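Okay, here's the prediction I keep looking at, along with the sequence it came from:
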Amino acid sequence: MATDPGTVDAGELRRLLRELSGDLRSRRRFVETYVEMWPTRLARLTAAIEDGDLDEAKVVLLSIRSSSVMLGVIGVAALASTGVRALDDHHLARVVDTRDALEEIGERSCERLLELEAAEALQGR
């Protein structure tokens, strides 16, 4: 069975917590900020594509990728990398396809991040 591209690597969330010296509140802020910023990042990407601003599209995709890697949002990070490569190769149709996939998978990933954060908070981690 294929891995759901909306999957969040819970191990990466635990690693981040260790890097934050066990500060659950700080990690929760990272997660909440990621989720809150998701619609804005997607809107910025959409606008950049529609305006033909490929430099801005790349900046947004790199931002999405780096924050997704930090939180273990593996499907979104992979898609953002695909979008960057498509931009580098001047395959604009692939960039649009990537943006469409990001819309769906990003939303599922945000939901999963919040679920994992809540579950770990209940367990006292």
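Okay, I see it. None of the values given here were measured: they were computed from a predicted structure.

Helices along the protein, start to end?
Ranges of helices in the chain, per DSSP state H, are 10-19, 24-51, 54-71, 74-88, 92-122.

Of these, which stretch is the most buried?
A comparison of these by mean neighbour count, using mean count of other CB atoms under 10 Å, puts helix 74-88 on top with a mean of 20. From N, CA and C alone the C-beta is placed, and that goes for glycine too.

now the protein, which segments are flagged as low pLDDT?
1-6, 121, 124-125 (pLDDT under 70).

Please repeat the previous calculation with a cut-off of 50.
Applying pLDDT under 50 to the chain flags the ranges 1-2, 125.

Grab the most central residue of this protein for me.
residue 68 (3.7 Å; CA atoms, centre = their mean).

Report the contact partners of it.
With contact set as CB atoms under 8 Å, 6 or more residues apart in numbering, residue 68 has these partners: 34, 74, 76-77, 80, 109.

From residue 103, how far off is it?
14 Å (CB to CB, to the nearest Å).

what does residue 109 give?
Here residue 109 is placed at a distance of 11 Å from residue 103 (CB to CB).

Export stretch 58-70 to PDB, keeping only CA atoms.
What follows is stretch 58-70, C-alpha atoms only, in PDB (Å, rounded to 0.1, in the frame of the first residue of the first chain):
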ATOM      1  CA  LYS A  58      10.200  29.600  -6.000                       C
ATOM      2  CA  VAL A  59      10.500  31.600  -2.800                       C
ATOM      3  CA  VAL A  60       7.100  30.400  -1.600                       C
ATOM      4  CA  LEU A  61       7.900  26.800  -2.500                       C
ATOM      5  CA  LEU A  62      11.200  26.900  -0.700                       C
ATOM      6  CA  SER A  63       9.500  28.400   2.400                       C
ATOM      7  CA  ILE A  64       6.800  25.700   2.200                       C
ATOM      8  CA  ARG A  65       9.500  23.000   1.900                       C
ATOM      9  CA  SER A  66      11.700  24.200   4.700                       C
ATOM     10  CA  SER A  67       8.900  24.600   7.200                       C
ATOM     11  CA  SER A  68       7.400  21.200   6.200                       C
ATOM     12  CA  VAL A  69      10.700  19.400   6.600                       C
ATOM     13  CA  MET A  70      11.100  20.900  10.100                       C
END
